[in-house]
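Undergrad: Kindly return the folded structure for what I paste below:
(3 chains)
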Amino acid sequence: MLDKSFFVRDTREVARDLLGKYLYREIDGKYYRGIISETEAYHGPDDLACHCSKGKTPRTEIMFAEGGNIYVYLIYGMYEMLNFTTMPQDFPAAVLIRGVIFPQVRKGGKFVDLQDRTDGPGKLTRAFYVDRRLNGKPVGKTTGLWVEESNITPREIIRTPRIGVDYAKEWKDKPWRYLIKKL
DNA sequence: ACGATGATGAAC
DNA sequence: TTCATCATCGTA
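TA: Okay, here's the model as predicted:
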């Protein structure tokens, strides 16, 4: 299981390194997992695309804590967005999990494929039962949401500008979206 | 292309 | 208290 030291690093490295890792979810004794395939880095108080550029508010407070915590917020009144906070205490930053592939559920001790679509940030939170009740909790088994190594190492990773942040002036073009191009 | 749907933060 | 905005998705 990846621990705090994985998350207390530069947000863009964490975003890149999360690709190919297993996202695990345990709720009421049921286990789900999938391979993280797309992420975005939101890094620092000056990044206008980051909610944290508004300063410390009730919503953004968790991003100012030490890396390795869960930041979940509601967007467009409908979709829960899952983020993992990064960087040391007082440097606000987080990684948005935008896509997961090969979603599975454990049945009778074995993981079997789910047919749910998990190829978007709002879809994967629905499939994995992630909502704001997880906000502010540490990433870990106790919480029921954690990340583990997998046997997959992406062959090719590409970067693009982040999605849906056209308002962010010079920050909108930063290539801080990470995707697996070749498995 | 557009509407659903409600939290958020800033202005008043 | 009001108001514009929003790190999306499904349907058209």
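Undergrad: tell me which parts of chain A are close to DNA strand B?
TA: A:51, A:54-55, A:57-60, A:73-78, A:132 (CB under 7 Å from any atom of the strand). Yep, even glycine has a C-beta here, placed from its N, CA and C like the rest.
Undergrad: These: which ones sit near DNA strand C?
TA: Among the residues of chain A next to DNA strand B, the ones lying near DNA strand C by CB under 7 Å from any atom of the strand are A:His51, A:Ile75, A:Tyr76, A:Gly77, A:Met78.
Undergrad: now, which of these sits nearest DNA strand B?
TA: A:Gly77 (2.8 Å; CB to the nearest atom of the strand).
Undergrad: ok so that closest one is a strand residue?
TA: No - per DSSP: H, G, I helix; E, B strand; the rest coil, A:Gly77 lies outside any strand segment and is coil.
Undergrad: pLDDT value on it, please?
TA: Per-residue pLDDT puts A:Gly77 at 97.
Undergrad: The residue lying farthest from the centre of chain A and DNA strand B, how far apart?
TA: Using CA atoms, centre = their mean, the residue of chain A lying farthest from its centre is A:Gly108. It sits 28.0 Å away. According to CB to the nearest atom of the strand, to the nearest Å, A:Gly108 stands 37 Å off from DNA strand B.
Undergrad: how about that residue, what does it touch?
TA: For A:Gly108, no contacting residues are found, by CB atoms under 8 Å, 6 or more residues apart in numbering.
Undergrad: How about the one 3 residues further on?
TA: Shown here is A:Phe111, whose contacts under the criterion CB under 8 Å, 6+ apart are A:Tyr31, A:Arg33, A:Gln104, A:Val105.
Undergrad: Sort out which of those are in strands and list them.
TA: Among the contacts of A:Phe111, the members found in strands (DSSP state E) are A:Tyr31, A:Arg33, A:Gln104, A:Val105.
Undergrad: any chance of those residues in a markdown table, plus neighbour count?
TA: Listed next are those as a markdown table, based on neighbours: other CB atoms under 10 Å:
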| residue | neighbour count |
| --- | --- |
| A:Tyr31 | 15 |
| A:Arg33 | 22 |
| A:Gln104 | 16 |
| A:Val105 | 18 |
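Undergrad: Go through the residues you listed and say which is closest to A:Thr153.
TA: Distances from A:Thr153 to the ones in strands among the contacts of A:Phe111, taken as CB to CB, are shortest for A:Arg33 (17.2 Å).
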